[in-house]
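Undergrad: What would the 3D arrangement of this be:
(4 chains)
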There are 4 protein chains.
Amino acid sequence: MDTRRVEAFSDGVFAVAITVLVFNLLPIAKAGIRSHDLAAAWPQYAGYIVSFLTIGIMWLNHHTVLSYVRRVNRITLVLNLFLLMTVVAVPFPTALVADNLGSGPGSSPASARLAAIVYGLVMIAMSIAFSALWMYLTSHAISLGGTAERPPWQRTIRFSGGGLGYVIAVFVAFASPEAALAIYGALAVYYLFEHLPSPSEKSKTEHVAGGEAAPYSREAEPGSASDS
Amino acid sequence: MDTRRVEAFSDGVFAVAITVLVFNLLPIAKAGIRSHDLAAAWPQYAGYIVSFLTIGIMWLNHHTVLSYVRRVNRITLVLNLFLLMTVVAVPFPTALVADNLGSGPGSSPASARLAAIVYGLVMIAMSIAFSALWMYLTSHAISLGGTAERPPWQRTIRFSGGGLGYVIAVFVAFASPEAALAIYGALAVYYLFEHLPSPSEKSKTEHVAGGEAAPYSREAEPGSASDS
Amino acid sequence: MDTRRVEAFSDGVFAVAITVLVFNLLPIAKAGIRSHDLAAAWPQYAGYIVSFLTIGIMWLNHHTVLSYVRRVNRITLVLNLFLLMTVVAVPFPTALVADNLGSGPGSSPASARLAAIVYGLVMIAMSIAFSALWMYLTSHAISLGGTAERPPWQRTIRFSGGGLGYVIAVFVAFASPEAALAIYGALAVYYLFEHLPSPSEKSKTEHVAGGEAAPYSREAEPGSASDS
Amino acid sequence: MDTRRVEAFSDGVFAVAITVLVFNLLPIAKAGIRSHDLAAAWPQYAGYIVSFLTIGIMWLNHHTVLSYVRRVNRITLVLNLFLLMTVVAVPFPTALVADNLGSGPGSSPASARLAAIVYGLVMIAMSIAFSALWMYLTSHAISLGGTAERPPWQRTIRFSGGGLGYVIAVFVAFASPEAALAIYGALAVYYLFEHLPSPSEKSKTEHVAGGEAAPYSREAEPGSASDS
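TA: Below is the predicted model of the structure:
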């Protein structure tokens, strides 16, 4: 299957999953709302922003990883489906965090801790699913019509290092759920700038020159390469 | 109508339907949540995973079946609409299963049985709608600008054999709703690997060579064919 | 603006709006469900099916009407936005019908009548928005890079005749909301088969021959023309 | 990254966000509804229409701003993500307005004022995010493979002048939330007709002539330029 159709479907899932996050904000809107209520809903806003950035960045990296190949096989599709399954699930731990952090009615220190831990576990599951897809695609790139170029391993290590942050945050959650949420947010910002390398312009151009599918070739990304 | 626009719309519907499944998880998120509550919600997680895989695989097969033709007529569109109607409905039986299996408040053996049966009936409706689309398209492929190649009938039989599994599961549901849910999950995993054959590379290439629409031709999928 | 981007956005809106209809089914799923409850929910199923077919057919006709032009101007975009506004609203009257027809708790003959009338009024608004887009595009087709061919006026009249059905159904709703819902369903089935004509193959081919955008030209639809 | 994929993802987010607005209407649908209830829900309808037009126009302008470049870098993607974060949030202040304006149970003059202010603040955040994207892209257009042509500054000023309206509306909200909502609606209508200029046909044609990506070039929009 051409990567384009996988991208189209995945893009749709990412777009819906990121928009579903607003359903965590809607319960704040009640008749007779007061400024105090709006201020007390900070865990909702924080969860919304952190999860929004996380899904947005995952979308970005998803694009990068697929840019290493030109078509996908059944194994890729299954790995991609598992990744999407974790992305679609993100609104659930986000709702847990929103309902249990802060001083809302019914929340307790124990439930706040549990919520922050579950949030981290879903993030770890997402990281594992993404890494599986990444490792499979970069090691099978040539048989999938992609570039022979491998990403520099230093970048891969730095990138994976970010994944370790989620494990640390889960341990931090036992002491302070708020601090854990702050780490999740910091990791999202980190990934905004420390991202996976795209195949370089040169290898892309060579590939296109010899390929039959030039009209669909992705353009090289000099701007992206130089700005990141 | 070009198959591309049908695929784009159908992809959108599949993407939204698969993401809507997370709404079955959101009610678990309550203020003051305890580990016990999270553990007791296993039917929600099981329903989420089984339905997610089922819709994901249906998306995959939907792509395969459309790859046999190049454009679609009104009958195809109507059959496609009926298929999508069953796909979009999946979150409903999923919610039934999530609410009635396990030991949640209000659920009973009778309601669990009913939920598992309704789940199976929706799956059977989806299988019938898919088979109708499949049979129509493969038997009208040439008039729809597709390949003359027919899928090997052994594969079609093995594939259809999977559909029989849903009927069996519905009968199993009378004895054990949990076992029926396990069969639904097993069928999803089965379909991950026993899938419909794509038109072979050879017939595709011939077609493209003589066609006027080469820029839109799907690439052959040698990786898919050899890995599956 | 190229029609392709309008189609992509509109397709997305249609896909989400059609999937949102399942939210009318989700409240049926309760813990401790009995067969009786499932049977009593027939207005939900009926509303789901009728609205699903209606939006699906509107998507189809939306594609046809845009196929008369090659690009769109600001007026087209505004008219398109109004059409989408009525399409997105469909789940609201569907929920009204689902909650008030049948013998559910709280519903009354008066509320059932009101629900069926509101449903019809939204359908009429959608018909008007669609007709405005249709009339604007067919009368400005050439300046928008489209075909000079006008659809045969007999078809346009027969098509518009269907719109009259919604007005009749609203009057019927005063006597019997159930009969009105049946007419809405019958109109959806009617539109499945009595549809707007696409530009003919001949005019399309001529156009493409002289156009600079051949790679994106829509293919003619001989199958559609002969089967419908 | 090619602008096409950013557009596809953004289109998906816009399409979902605009459709989610219907969830503000669904709570109106209750069993036993009376005409009086439907009439009392005017803030819901008003919020739906104003927010629908606002997101729809933002989609339009988003397309225009991306048409100045041919590919995007990491900074563009981050700015785009912030814009989408404000767009996705729109259903939240819409729900606030819907629940607190009018004479619904629980609403008060203070809560209506607060709702209208929050609505305006989200609009201002959206305007700022959009302006940041606009300024970045037009000032980096050439390095991103876009046109050297800059939009006429008079148009940019008139366009930005509209953004000032949101600030005024927030102050008006202190006196009359209903008047503020009317201004939000008037601003949406204003932006329907006072829109950002697209790159002119001439500069586009030159660009395409020298470009390697002609099959994907956007068509010039003479109809748009003359009709708007």
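
Undergrad: A:Gly102 is in contact with A:Gly47, isn't it?
TA: No: no contact is recorded between A:Gly102 and A:Gly47 when judged using CB atoms under 8 Å, the distance being 10.3 Å. (Glycine included, C-beta is placed from N, CA and C.)

Undergrad: These two: who's more crowded?
TA: Legend: neighbour count by other CB atoms under 10 Å in any protein chain shown for A:Gly102 and A:Gly47, higher for A:Gly47 (29 against 19).

Undergrad: for the more buried one, helix, strand, or coil?
TA: Under DSSP: H, G, I helix; E, B strand; the rest coil, A:Gly47 falls in the helix class.

Undergrad: who touches it in this structure?
TA: With contacts defined as CB atoms under 8 Å, 6 or more residues apart in numbering or on different chains, the neighbours of A:Gly47 are A:24, A:94-95, A:97-98, A:101, A:181.

Undergrad: Repeat the analysis, applying 10 Å as the threshold.
TA: With contact set as CB atoms under 10 Å, 6 or more residues apart in numbering or on different chains, A:Gly47 has these partners: A:21, A:24-25, A:41, A:90-91, A:93-99, A:101, A:115, A:119, A:181, A:184-185.

Undergrad: Let's test this: mean pLDDT of the helix ranked longest in chain A, rounded?
TA: Criterion DSSP state H: the longest helix present in chain A is helix A:109-139. Model confidence over helix A:109-139, given as mean pLDDT, is 90.

Undergrad: Mutual contacts of A:Gly102 and A:Gly47, please.
TA: With contacts defined as CB under 10 Å, 6+ apart, the residues shared by A:Gly102 and A:Gly47 are A:Ala41.

Undergrad: quick one on the thing from earlier: may I see the buried residues of the longest helix of chain A?
TA: Neighbour counts over helix A:109-139 (16 or more other CB atoms under 10 Å in any protein chain shown) mark A:111-120, A:122-127, A:129-134, A:136-138 as buried.

Undergrad: Surely A:Asp99 is in contact with A:Ser108?
TA: No: using CB atoms under 10 Å, A:Asp99 is not in contact with A:Ser108; the gap is 11.3 Å.

Undergrad: Looking at these two, which one has more neighbours?
TA: The neighbour comparison of A:Asp99 against A:Ser108 (other CB under 10 Å) goes to A:Asp99, with 25 against 13.

Undergrad: hmm, what's the outermost residue in chain A?
TA: Of all residues in chain A, the one whose C-alpha sits farthest from the chain's mean C-alpha position, using CA atoms, centre = their mean, is A:Gly32 at 36.6 Å.

Undergrad: Phi and psi next, for it.
TA: Backbone geometry at A:Gly32, expressed as degrees, to the nearest 10, gives phi 80, psi 30.

Undergrad: show me the contacts for it.
TA: Contacts of A:Gly32 were listed using CB under 10 Å, 6+ apart, and they are D:99-100, D:104-108, D:110-112, D:114.

Undergrad: My guess is A:Leu21 contacts A:Val88. True?
TA: No: under the contact definition of CB under 10 Å, A:Leu21 does not touch A:Val88, with a separation of 11.3 Å.

Undergrad: Which residue is the nearest non-sequential neighbour of A:His62?
TA: Distances taken as CB to CB, 6 or more residues apart in numbering or on different chains place A:Ser10 nearest to A:His62, at 6.1 Å, with adjacent residues excluded.

Undergrad: Give me every residue in chain A lying close to chain C.
TA: Residues of chain A that fall close to chain C, judged by CB under 10 Å from any CB of the partner chain: A:8, A:12, A:15-16, A:19, A:215.

Undergrad: filter these to the buried ones?
TA: With neighbours counted by 16+ other CB under 10 Å, the residues of chain A next to chain C contain buried members at A:8, A:12, A:15-16, A:19.

Undergrad: Looking at the residues you listed, which is nearest A:Ile75?
TA: Proximity to A:Ile75 was ranked across those by CB to CB; first place goes to A:Ala8, at 19.7 Å.

Undergrad: For the closest one, give its distance to C:Gly56.
TA: In this structure, A:Ala8 lies at 20 Å from C:Gly56, with CB to CB, to the nearest Å as the measure.

Undergrad: got it, and A:Asn73?
TA: With distances taken as CB to CB, A:Asn73 is found 32 Å from C:Gly56.

Undergrad: Make sure A:Pro177 is actually in contact with A:Pro43.
TA: Yes: judged on CB under 10 Å, A:Pro177 makes contact with A:Pro43 at a distance of 9.2 Å.

Undergrad: Give me the common contacts of the two.
TA: Here A:Pro177 and A:Pro43 share the contacting residues A:97, A:100-102, A:107, A:112, A:115, scored by CB under 10 Å, 6+ apart.
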